[in-house]
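Asker: just a sequence and a predicted model for now, questions to come.
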2 protein chains.
Amino acid sequence: MHAYVHIVDDDASFRTTLERRLKLAGYRVATYASARQLLDQLPGDEDAGCIVLDVRIPGMSGPELQMRLNELESTLPIVFLTGYADTATTVQAIKAGAEDFLTKPIASEQLIEAINRALARHELARSQRTRLDSLRALLARLTPRERQVFDLIVRGRINKQIAYELGTTERTIKAHRHQVMEKMQVQSLAELVSIAERLGARELEGEVKG
Amino acid sequence: MHAYVHIVDDDASFRTTLERRLKLAGYRVATYASARQLLDQLPGDEDAGCIVLDVRIPGMSGPELQMRLNELESTLPIVFLTGYADTATTVQAIKAGAEDFLTKPIASEQLIEAINRALARHELARSQRTRLDSLRALLARLTPRERQVFDLIVRGRINKQIAYELGTTERTIKAHRHQVMEKMQVQSLAELVSIAERLGARELEGEVKG
DNA sequence: GGCCGTCCTGTCCCATGGTACAATATGAAA
DNA sequence: TTTCATATTGTACCATGGGACAGGACGGCC
């Protein structure tokens, strides 16, 4: 079990108690007294992990940290664990993607169930992230020209049309097309379109913004 | 404004009060004293709409109704509105897709904001549903044989391979392929693959189960 | 029995995609 | 200056996709 649980709580004795309980349950634990501390030592994606987070902590609050982590595209799931929770905060936290929202005091069993769900979710998120990153890495190897050809290919244009739109000859497009298939490591147009679809949403957003 | 708000609450005077407030705000309102009543007169998808739902009502509870509607693949967003809410119930409701979870008494303004978010979401869900249904309708028009060819085409097989796998000739596959492109109303392989990807998740699940 | 949809098959012929073998030009980096 | 990546283009030749024009076999329905 290499799963890491990151505890963020300003109450030192609570951190210690929780750390002990979780280590006994077989987790590796890191504790942080503030949101800033966690951000400074931001855990990577090497191991499965999750965050156990208090809502009211000095400085940056729990929900604020959650927002910041979302901005940073962190895949670390968050289990909120707090003394008092008003409904609005609870709703907001879950809507923002928290795995769970629990209140102190909490039975170890219940917390561990939440942590395990969070860890399972992180595994899933990491593997999806990895696959997507691989595809993005392939795409990044395309030259600007090849990228243009790629975009038109997956939109269903035939070489002749692509040549016209890019102001060059069909022969040239064939060369680029070959490079695209080679670099994207696919043997068929279907695979290429499939990859484009999986990258699609983000790439299209990028085009709109850029 | 043709948006419909469906109020489910066992408190008759509360229903009446809320109905009046929402009608003044320009909504069309339907009220139900129980979950069963709403299920019996289940609103269709013709108009935008949402449900304002109490948690504790006699018979089927709010969360139970929510689960039932999810099973029925309803697109109607739910805004919970209840007197007392424990954290677990709140978390569960939001995780199950509720648009919001509010507590009585509630300011009209806040409730209306939630309702408007729910209605916007319903519009989005409806349009996505409609587009997907159109594609499914096209797919349903394929004969069994054409469907087989469709599956192999979008997996990147060439006619020769498809012919071999289906134990027939390349010429026959060309004929089926033509029918597939015709019936799916696409002009390019890229479009066909794109459609297959959008339908993909569900279709693959279906294949695994069936 | 006759009609119709589905599935199957054939022959040409052309368009399109893909590859082998080559070559030119440009700009950046060593 | 040399080297390299990039972009470009050409001539063949072959494989694959796709249309036009045909037809046969089978099974369900009126």
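Answerer: Great, that's in hand. This one's a predicted model, so the numbers in the text were calculated from it and none came from an experiment. Numbers count the residues shown, from 1 in each chain, chains lettered A, B, ... in the order given.

Asker: and stretch A:80-89, how far out from the chain middle?
Answerer: Between the mean C-alpha point of stretch A:80-89 and the mean C-alpha point of its chain there is a distance of 24 Å (C-alpha atoms, centre = their mean, to the nearest Å).

Asker: do it and chain B meet at all?
Answerer: Yes. Stretch A:80-89 lies within reach of chain B by C-beta under 8 Å from any C-beta of the partner chain, at A:Ala85, A:Thr87. From N, CA and C alone the C-beta is placed, and that goes for glycine too.

Asker: now that stretch: mean pLDDT?
Answerer: Within the predicted structure, the mean pLDDT of stretch A:80-89 is 93.

Asker: okay, now the unreliable bits of chain A?
Answerer: In the predicted model, chain A carries pLDDT under 70 at residues A:1, A:201-210.

Asker: got the residues of it near chain B?
Answerer: Proximity of chain A to chain B (C-beta under 8 Å from any C-beta) is limited to residues A:85, A:87, A:90-91, A:94-95, A:100-103, A:153-158, A:187-191, A:193-194, A:197-198.

Asker: what residues sit buried inside whichever helix or strand A:Leu111 is part of?
Answerer: Under the criterion DSSP states H and E, the helix or strand holding A:Leu111 is helix A:108-140. Of all the residues in helix A:108-140, those buried under the rule 16 or more other C-beta atoms under 10 Å in any protein chain shown are A:111-112, A:114-115, A:118-119, A:121-122, A:125-126, A:135, A:138-139.

Asker: ditto for stretch A:57-77
Answerer: Of the residues in stretch A:57-77, A:Ile57, A:Met60, A:Ser61, A:Gly62, A:Pro63, A:Leu65, A:Gln66, A:Leu69, A:Ser74, A:Thr75, A:Leu76, A:Pro77 count as buried by neighbour count, 16+ other C-beta under 10 Å.

Asker: from those, which is closest to B:Ala3?
Answerer: Sorting the buried residues of stretch A:57-77 by how near they are to B:Ala3, with C-beta to C-beta, puts A:Pro63 at the top with 30.6 Å.

Asker: the closest one contacts A:Gln92, correct?
Answerer: Yes. Distance between A:Pro63 and A:Gln92: 6.3 Å, which falls inside the contact criterion (C-beta atoms under 8 Å).

Asker: relative to A:Leu199, how far out is the residue lying closest to A:Arg141 once chain neighbours are set aside?
Answerer: Excluding the flanking residues, the one nearest A:Arg141 by C-beta to C-beta, 6 or more residues apart in numbering or on different chains is A:Lys183, at 5.1 Å. Counting by C-beta to C-beta, to the nearest Å, the gap between A:Lys183 and A:Leu199 amounts to 14 Å.

Asker: cool, A:Gln110 as well?
Answerer: Looking at A:Gln110 against A:Leu199, where the rule is C-beta to C-beta, the gap reads 39 Å.

Asker: and what of A:Leu124?
Answerer: 19 Å.

Asker: burial check on A:Tyr4, number of neighbours?
Answerer: The criterion is other C-beta atoms under 10 Å in any protein chain shown. On that basis, A:Tyr4 has 20 neighbouring residues.

Asker: can you get me a residue count around the nearest residue to it once chain neighbours are set aside?
Answerer: Excluding its sequence neighbours, the residue lying closest to A:Tyr4 (C-beta to C-beta, 6+ apart) is A:Gly49, at 3.8 Å. By the other C-beta under 10 Å criterion, the neighbourhood of A:Gly49 contains 25 residues.

Asker: what's the answer for the one 5 residues further on, then?
Answerer: Residues within reach of A:Asp54, counting by other C-beta under 10 Å, total 21.

Asker: hang on, it packs against A:Arg15?
Answerer: No. Between A:Asp54 and A:Arg15 there is no contact under C-beta under 8 Å: 9.5 Å.

Asker: what do these two both touch?
Answerer: Counting by C-beta atoms under 8 Å, 6 or more residues apart in numbering or on different chains, the contacts common to A:Asp54 and A:Arg15 are A:Asp9.

Asker: which residues touch the most centrally placed residue in chain A?
Answerer: Nearest to the mean C-alpha position of chain A, counting by C-alpha atoms, centre = their mean, stands A:Thr75 at 3.7 Å. A:Thr75 makes contacts with A:Asp45, A:His122, A:Ala125, A:Arg126, A:Arg129, as judged by C-beta under 8 Å, 6+ apart.
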